[in-house]
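In: test case, fold it:
(chains A and B)
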2 protein chains.
Amino acid sequence: MKDHHHPHKQRKQVVNRLARIEGHIRAVKEMADGGRDCSELLIQIAAVQKALDGVAKVILKDHLEECVVSAVDHKDLDKVLKDLQSALDHYIR
Amino acid sequence: MKDHHHPHKQRKQVVNRLARIEGHIRAVKEMADGGRDCSELLIQIAAVQKALDGVAKVILKDHLEECVVSAVDHKDLDKVLKDLQSALDHYIR
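Out: I've put the predicted structure just below:
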């Protein structure tokens, strides 16, 4: 069977969140270039980290809902579980 | 006395790292838009988080080296320590 491809309900939300995070990082870069205080930079970096945690959570939930259900239907559960575990290993620090 | 302004030795390095992170996030956004696997997106998001930890560490070290030394010279230690503590409170989760 082919790779597990399926619609992700939250894909648009994930792309929008990543676009906002991209803009946020650009603003932090401009702050650093403008010589803003270290403490202000650290606060903004922490905010970006929090936003990334948020988007990762949306992706994980979407994955559980869509990929796993679809894999069970197509009897491809082993591969999906292996992929998910590998992703979690990388994501959870 | 005025706000503590002083050169940051690592400023250029910080701006360059943030520029790379901005490009990385843009690439992840395009991956999400192209419907790439959730597990691949999570791995990339974890890599961005790690890069942000790295740039935060550079900023903190720079802060300790430059701001604190400069503050001691100018007897502004209280304000600097308060700023730094507030930044750490936000940054360390």
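In: contacts and neighbour counts: CA atoms only from here.
Out: Noted.
In: on the three-state scheme, the residue nearest in space to the middle of chain A is what?
Out: The residue lying closest to the centre of chain A (Cα atoms, centre = their mean) is A:A56, at 3.1 Å. Recorded secondary structure, A:A56: helix (DSSP: H, G, I helix; E, B strand; the rest coil).
In: ok, A:D62 next?
Out: Assignment for A:D62 (three-state DSSP): helix.
In: and the pLDDT at the residue of chain A positioned farthest from its centre?
Out: What lies farthest from the middle of chain A is A:G35; by Cα atoms, centre = their mean that is 29.8 Å. For A:G35, the pLDDT comes out at 90.
In: over to it. Which of the three states is it?
Out: Per three-state DSSP, A:G35 ends up coil.
In: and what of the one 5 residues further on?
Out: Assigned state for A:E40: helix (three-state reduction, three-state DSSP).
In: show the model's pLDDT score for the nearest residue to it once chain neighbours are set aside.
Out: Closest residue to A:E40 apart from its sequence neighbours, by Cα to Cα, 6 or more residues apart in numbering or on different chains: B:A87 at 7.1 Å. As predicted, B:A87 sits at a pLDDT of 72.
In: and the helix or strand encompassing A:L81, what does it pack onto?
Out: Per DSSP states H and E, A:L81 falls inside helix A:77-91. Helices and strands in packing contact with helix A:77-91 are listed as helix B:38-62; criterion 3 or more Cα pairs under 8 Å, 6 or more residues apart in numbering or on different chains; DSSP states H and E.
In: give the next helix or strand downstream of the helix it packs on.
Out: According to DSSP H and E, the helix or strand after helix B:38-62 is helix B:69-73.
In: can you pull out the low-pLDDT segments for chain A?
Out: For chain A, residues meeting the criterion pLDDT under 70 lie at A:1-7, A:67, A:90, A:92-93.
In: just to revisit the earlier point, ok, the residue nearest to the centre of chain A - contacts?
Out: B:L42, B:I45 (Cα atoms under 8 Å, 6 or more residues apart in numbering or on different chains).
In: roughly how far does it sit from B:V69?
Out: Between A:A56 and B:V69 the computed distance is 39 Å (Cα to Cα, to the nearest Å).
In: and for A:V69?
Out: The gap separating A:V69 from B:V69 is 58 Å, by Cα to Cα.
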